[in-house]
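Novice: need a 3D model of the following:
(2 chains)
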2 protein chains.
Amino acid sequence: MAKILITNDDGYRAAGLNALIEFIDPIADIVAISSETEMSGSGHAVTIKNPLRLRVHEDHYKSIYVSNGTPADNVKLAVNCIFDKFPDLILSGINHGSNASCNVFYSGTLAAVIEGAMLGIPSIGFSVDSYYKGYDFIIIKDYVTHIVKKALEFISLHKENILCLNINFPAIENPRGIKVCRMAKAKWVERFEKRIDPHGIPYYWLDGDFVFTDEGEDNDEAIVKQGYISLTPLSLDMTDYNIMDYLRSWEL
Amino acid sequence: MAKILITNDDGYRAAGLNALIEFIDPIADIVAISSETEMSGSGHAVTIKNPLRLRVHEDHYKSIYVSNGTPADNVKLAVNCIFDKFPDLILSGINHGSNASCNVFYSGTLAAVIEGAMLGIPSIGFSVDSYYKGYDFIIIKDYVTHIVKKALEFISLHKENILCLNINFPAIENPRGIKVCRMAKAKWVERFEKRIDPHGIPYYWLDGDFVFTDEGEDNDEAIVKQGYISLTPLSLDMTDYNIMDYLRSWEL
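Specialist: Alright, predicted model coming up:
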């Protein structure tokens, strides 16, 4: 049976993590690790200056390792301190809220995926485009298990190619299918609300709107909005090869 | 005069930040923002659940805005709460320690750069491959100002192309020049040191070794080791286009 590490960024009590554990437990030998608290927006932060703690939370269904670290820490902790050898696959999520497009940069869910892929472990992030706490993850169970089975098949055939996948589900009852696509161009346009505290000192609350700036329809954000499940393969090589020739004129 | 935002991830007292301010102040209209404390390894974390504070630190040389946020927060704060309109350029650094290769994912210095580029502002990160506190940044002054002048030239000519550059300096007296290159393949191989606290409870310290896994010589890590300054253009599109056709067989 394949060894799979399951993690997330919404903390160990998150419904999405527990749904993922429930879906995958029958088809793999799983270990789950998560954070004590919600870690959304933690990006790829790692804990260097403080020690990490690790405890086991005994659940009615499955025990979960729980740390005081970030999602990236949790992947490092699991592969070093829990597993004897690297797991075959890492799954992260299921996240409440889309991680399509530039959300990859802010997302702890995707940081765990990228961390796994950097270590040479095929990794997949799952997110659903809904913040509704009552969202029923059972809707996407068959898609999740299909993707995990396909990934395990891929891994057994292509050991040299490390999967790093960002999967986003539309929040609808019957998704129209899975589409492979690219990462959309988009950005967050921030607003800061300035308030004054009881001592007369100002403070700022970060808030913002997600602004879609892509013109195509073959990207994750557009595909999810059309009711499909987006499957975006990510590369760890962020080099912009298109501009290299131009920049050579800067060389001294 | 061009408007330039200067920031970093080592906190407002860092020698690298103050060197960058000193180098750029004569050639641009600058605003500097940094964090109260060192934020190395903060990745692209953003502060959603706590309010941000902003104060002005009056220095003998130049005033610096100081926040309790992360490097990505600081870029958002500066462009929204300090500038009337977006700056022409963002500079981040000069970081103590290389940010070549996969360090881009962990680095707050580079998170500020990526955040700026996402907002549509040309952005450059500067790092030096040295943790020596006495490193004399004056060694690289001419290179830094050359790159900034070239960037301002580029921006005035190519408004549609948003620069997102990762520059790494070797820690030597006479760098051999600048080379445009790609991001190296490498990873951190972690070690966790397990210790027992006075109450008998274990805790873990994260430590690790940077392992270079690239075979070429045209990458930032190799180039810095050869004594050159690496200039790596980064793309915000992380899509792995090579694997898309294969993955289409997974579509349901």
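Novice: touching chain B at all, stretch A:185-205?
Specialist: Yes: applying CB under 8 Å from any CB of the partner chain, one finds stretch A:185-205 touching chain B at A:185, A:187-188, A:190-192, A:194-195, A:201-205. Heads up, the C-betas are built off the backbone N, CA and C, glycines and all.
Novice: also stretch A:18-27?
Specialist: No: judged by CB under 8 Å from any CB, stretch A:18-27 stays clear of chain B, getting no closer than 15.5 Å.
Novice: rounded mean pLDDT for that stretch, please.
Specialist: For stretch A:18-27, mean pLDDT is 96.
Novice: ok now that stretch, how far from the chain's centre?
Specialist: Computed by CA atoms, centre = their mean, to the nearest Å, the separation of stretch A:18-27 from the middle of its chain amounts to 17 Å.
Novice: could you pull out the buried residues of that stretch?
Specialist: A:Asn18, A:Ala19, A:Leu20, A:Ile21, A:Phe23, A:Ile24 (16 or more other CB atoms under 10 Å in any protein chain shown).
Novice: likewise stretch A:143-155?
Specialist: A:Tyr143, A:Val144, A:Ile147, A:Val148, A:Lys150, A:Ala151, A:Leu152, A:Phe154, A:Ile155.
Novice: can you give me the helices for the stretch 151-252 of chain A?
Specialist: Using DSSP state H, counting those that start in this stretch, the helices of the stretch 151-252 of chain A run over residues A:220-225, A:244-247.
Novice: other residues contacting the last one?
Specialist: Read it as helix A:244-247. B:Phe154, B:Leu165, B:Val180, B:Arg182, B:Leu231, B:Pro233 (CB atoms under 8 Å, 6 or more residues apart in numbering or on different chains).
Novice: inside strands: which ones of those residues?
Specialist: Those of the contacts of helix A:244-247 mapping onto strands are B:Leu165, B:Val180, B:Leu231, B:Pro233, per DSSP state E.
Novice: okay, now A:Val189: neighbour count?
Specialist: A:Val189: 11 surrounding residues under other CB atoms under 10 Å in any protein chain shown.
Novice: nope, A:Gly134 is what I meant
Specialist: Neighbours of A:Gly134 (other CB under 10 Å): 6.
Novice: circling back to that earlier point, tell me the two of the residues of stretch A:185-205 next to chain B that are most distant?
Specialist: Taking CB to CB, the two most distant members of those are A:Lys185 and A:Ile201; they sit 38.4 Å apart.
Novice: compare neighbour counts for those two and give me the winner.
Specialist: Taking other CB under 10 Å, A:Lys185 and A:Ile201 do not tie; A:Lys185 has more neighbours (18 against 10).
Novice: and the nearest residue to the more buried one once chain neighbours are set aside, what is it in contact with?
Specialist: Nearest residue to A:Lys185 in three dimensions, chain neighbours excluded: A:Asp214, at 4.1 Å (CB to CB, 6 or more residues apart in numbering or on different chains). With contact set as CB under 8 Å, 6+ apart, A:Asp214 has these partners: A:Ser101, A:Ala184, A:Lys185, A:Ala186, A:Glu221, A:Ala222.
Novice: so which of those residues is the most crowded?
Specialist: Greatest neighbour count in the contacts of A:Asp214, by other CB under 10 Å, goes to A:Ser101: 30 neighbours.
Novice: that one against A:Asp220, yeah?
Specialist: Yes: with contact defined as CB atoms under 8 Å, A:Ser101 reaches A:Asp220; the gap is 6.1 Å.
Novice: overlap of the contact sets of those two?
Specialist: Joint contacts of A:Ser101 and A:Asp220 (CB under 8 Å, 6+ apart) are A:Met183, A:Ala184.
Novice: quick one, strands of chain A?
Specialist: Using DSSP E, strands in chain A cover A:3-7, A:29-35, A:54-57, A:64-67, A:89-96, A:123-128, A:164-169, A:178-180, A:186-196, A:202-212, A:229-233.
Novice: got the contact list for the first one?
Specialist: For strand A:3-7, contacts defined as CB under 8 Å, 6+ apart pick out A:17, A:20-21, A:24, A:28-34, A:71, A:74-75, A:78-79, A:83, A:87-92, A:112, A:116, A:121, A:148.
Novice: which of the helices of the stretch 151-252 of chain A is buried the deepest?
Specialist: Mean neighbour count (mean count of other CB atoms under 10 Å in any protein chain shown) peaks for helix A:220-225 among these, with a mean of 24.
Novice: which residues are contacting it?
Specialist: Contacts of helix A:220-225 (CB under 8 Å, 6+ apart): A:98, A:100-101, A:129, A:166, A:168-170, A:179, A:181-184, A:186, A:212, A:214, A:216-217, A:229-230, A:232.
Novice: in PyMOL, how would I select the buried members of the residues you listed?
Specialist: In PyMOL, this line selects whichever of those come out buried by 16+ other CB under 10 Å:
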select buried, chain A and resi 98+100+101+129+166+168+169+170+179+181+182+183+184+186+214+229+230+232
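Novice: coming back round to it: could you work out the most separated pair of the ones in strands among the contacts of helix A:244-247?
Specialist: Within the ones in strands among the contacts of helix A:244-247, B:Leu165 and B:Val180 form the most distant pair, 9.6 Å apart (CB to CB).
Novice: among the two, which residue is more densely surrounded?
Specialist: B:Leu165 (25 against 21).
Novice: measure stretch A:63-75 end to end?
Specialist: This stretch, stretch A:63-75, spans 17 Å end to end (CA to CA, to the nearest Å).
Novice: tell me which residues of that stretch come out buried.
Specialist: A:Ile64, A:Tyr65, A:Val66, A:Ser67, A:Asn68, A:Gly69, A:Thr70, A:Pro71, A:Ala72, A:Asp73, A:Asn74, A:Val75.
Novice: which residue is the nearest non-sequential neighbour of the second one?
Specialist: Excluding the flanking residues, the one nearest A:Tyr65 by CB to CB, 6+ apart is A:Ile33, at 4.1 Å.
Novice: just the fifth one next, same as before
Specialist: Setting aside the residues directly before and after it, A:Asn68 is nearest to A:Arg53 in space (CB to CB, 6+ apart), at 4.8 Å.
Novice: again with A:Thr213
Specialist: Closest to A:Thr213 by CB to CB, 6+ apart is A:Lys185, at 4.9 Å.
Novice: right, and that neighbour touches A:Asn219 too?
Specialist: Yes: between A:Lys185 and A:Asn219 a contact is recorded at 7.3 Å, counting by CB under 8 Å.
Novice: overlap in contacts, the two.
Specialist: With CB under 8 Å, 6+ apart, A:Lys185 and A:Asn219 have common neighbours A:Ser101.
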